[in-house]
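**Student:** this one's structure only:
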């Protein structure tokens with residue numbers, strides 16, 4: 001059973017005088033498997049947040065159908081499987097992180113002992129111990145983001161849906177979140193997260209879907225993108241007079257001729273290394289051709 005399955009998912013928002021504008025999401029067909037990390041990649045305004053809000057039951061689609069572990073997203077049971085982090089998480093400003101997680105633990109029906117255990121684990125994991133008793137109202141964006149991630153993990157949900165989870169985090173915070181995501185994957189969790197930053201996807205995801213102007217353009221295994229797609233070669237060689245080595249880059253079709261020319265001129269080839277297309281190149285190619 002897929003963790004997320006959508007068929008023909010479409011959303012058009014009402015505009016002036018009740019008329020619908022162009023669809024923010026158009027006929028989205030998507031299957032996200034259990035125990036995988038899926039990156040939902042697209043530019044700002046591409047339809048990522050609209051998709052996530054539909055999956056979490058926050059808005060209704062205009063057309064189409066979506067399921068979470070086989071349950072319609074319109075049913076309450078579907079939401080019991082989800083841990084959700086919005087792009088801009090909101091909290092009760094007068095509460096502390098300790099009180100916030102206790103509050104959400106109560107909403108999940110956890111008893112006092114279980115809530116205390118959740119705090120011990122999540123506060124250590126998200127580095128919340130030092131700010132445990134500070135009021136949320138004074139938090140930076142990065143501190144709120146870490147707290148929001150902890151809230152999404154309360155109750156140990158099998159599916160985490162994260163909208164721009166690295167937003168506002170410093171490099172250490174981004175590294176921490178990536179490590180947590182990989183650890184959750186090892187625990188058998190499914191993670192579906194949106195981003196417009198390709199490096200976030202390349203380092204943690206199994207598969208990536210690229211959405212442009214509300215339409216899914218492709219879904220690919222990340223390994224297929226980063227392992228395949230040779231765009232050229234880097235050659236390092238010694239100069240004939242034994243000076244420091246030099247490096248040059250050539251197109252794939254130029255490699256045999258370039259190597260022959262170097263050898264005929266008395267230069268020793270030290271390394272030939274393929275230059276592969278990375279996820280950013282892949283993403284830019286798709287966006288430019290839509």
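**Tutor:** Here it is on my side, so go on. Keep in mind the model is a prediction, meaning the values are calculated, not measured.
**Student:** The stretch 51-200 of the chain: strands as residue ranges?
**Tutor:** 63-68, 71-72, 82-85, 159-163, 190-195 (DSSP state E, counting those that start in this stretch).
**Student:** and the last one with strand 159-163, angle?
**Tutor:** When axes from the mean of the first three to the mean of the last three Cα atoms, to 10 degrees is applied, the directions of strand 190-195 and strand 159-163 differ by 0 degrees.
**Student:** For residue 118, see how far away residue 180 is.
**Tutor:** Residue 180 is 15 Å from residue 118, where distance means Cβ to Cβ, to the nearest Å. No exception for glycine: its C-beta is placed from N, CA and C like everyone else's.
**Student:** Please identify the one among the strands of the stretch 51-200 of the chain that comes closest to residue 108.
**Tutor:** Closest to residue 108 of the strands of the stretch 51-200 of the chain is strand 82-85 (Cβ to Cβ; 10.0 Å).
**Student:** Now find how far off-centre the closest one is within its chain.
**Tutor:** 13 Å (Cα atoms, centre = their mean, to the nearest Å).
**Student:** what residues does that strand touch?
**Tutor:** For strand 82-85, contacts defined as Cβ atoms under 8 Å, 6 or more residues apart in numbering pick out 52, 55-56, 68, 145, 148-149, 151-155, 157, 159-163, 165.
**Student:** Just checking: what are the partner strands of it?
**Tutor:** In the sheet, strand 82-85 lines up against strand 159-163 (parallel) (DSSP bridges).
**Student:** Give me the mean pLDDT for the lengthiest helix in the chain.
**Tutor:** Secondary structure of the chain per DSSP state H: the longest helix is helix 171-186. Across helix 171-186, the average pLDDT comes to 85.
**Student:** Just want the angle from that helix to strand 159-163.
**Tutor:** For helix 171-186 against strand 159-163, the angle by the same axes, to 10 degrees is 150 degrees.
**Student:** which helices and strands does helix 171-186 pack with?
**Tutor:** Counting contacts by 3 or more Cβ pairs under 8 Å, 6 or more residues apart in numbering; DSSP states H and E, helix 171-186 packs against strand 37-41, helix 141-153, strand 190-195, helix 198-204.
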